[in-house]
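# only the shape, not the letters, is given here:
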């Protein structure tokens with residue numbers, strides 16, 4: 001009979017969650033493998049066994065954060081209404097950030113030298129940016145947008161939702177009126193603003 005695996009996927013995910021919280025709440029200097037193991041109720045041997053070392057661990061935190069982010073955005077299945085799909089994508093963005101504030105902070109916070117994946121440096125090549133860009137391109141091809149390149153519209157919308165979430169998560173304002181502000185920004189890009197009703 002084979003021996004049961006001690007260092008399994010459940011433990012790996014628990015360590016990634018805890019590492020994300022330490023990085024987001026206390027910064028990279030607080031992330032020691034000994035402290036992480038103690039807070040996750042395991043041993044440093046388990047951490048080394050699952051990740052190899054601190055650099056690999058932090059890389060995996062980034063990867064897991066973006067994987068979950070991409071999965072959340074992928075829940076927004078395209079319909080025949082790209083404008084409504086864009087609104088739903090903005091809501092999915094916010095839902096992810098609120099459910100995973102520690103991972104969101106790791107994704108978009110200050111880079112950790114030597115540990116941030118290189119492929120996250122350019123959002124235009126980032127597969128997690130694609131759902132937004134693809135929807136904007138669909139709206140553009142349907143003649144629904146003003147005459148502005150799709151990339152600029154997508155970056156503008158991303159800036160709005162990211163800025164609002166940063167304000168909300170950091171408690172800089174009590175109520176960002178997220179849906180109202182996102183809707184107003186979207187209507188600004190539309191040839192016919194009435195295609196999107198006010199929140």
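Yep, that arrived. In this text the structure is predicted, and so the values were computed from the model without any measurement.
# neighbours of residue 161, how many?
21 (other Cβ atoms under 10 Å). Placement of C-beta: from N, CA and C, glycine included.
# okay, it and residue 192: tell me how far apart.
Counting by Cβ to Cβ, to the nearest Å, the separation of residue 161 from residue 192 is 22 Å.
# repeat that for residue 63.
From residue 63 to residue 192 the distance is 41 Å (Cβ to Cβ).
# and residue 89, by the same measure?
20 Å.
# and for residue 133?
Applying Cβ to Cβ, the value for residue 133 to residue 192 is 22 Å.
# settle it for me: which of these two has more neighbours?
Shown here are residue 133 and residue 192; by other Cβ under 10 Å, residue 133 has more neighbours (19 against 10).
# and the more buried one, what's its pLDDT?
pLDDT, residue 133: 93.
# what's the helix or strand hosting it in contact with?
According to DSSP states H and E, residue 133 maps onto helix 130-141. With contacts defined as Cβ atoms under 8 Å, 6 or more residues apart in numbering, helix 130-141 is touched by 73-74, 76, 78, 82-83, 85-86, 89, 124, 145, 150-151, 153-154, 157-158.
# just the buried ones out of those, please.
73, 76, 82-83, 85-86, 89, 145, 150, 153-154, 157-158 (16 or more other Cβ atoms under 10 Å).
# adding pLDDT, write those out as TSV.
Below are those laid out as TSV (pLDDT from 0 to 100):
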residue	pLDDT
73	93
76	94
82	95
83	95
85	96
86	96
89	97
145	95
150	94
153	96
154	95
157	96
158	95
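# ok, which pair from those residues is furthest apart?
73 and 145 (20.2 Å; Cβ to Cβ).
# gap between the residue nearest to the spatial centre of the chain and residue 40?
Nearest residue to the geometric centre of the chain (Cα atoms, centre = their mean): residue 69, 4.4 Å. With distances taken as Cβ to Cβ, residue 69 is found 22 Å from residue 40.
# that's all I had, so thanks and see you.
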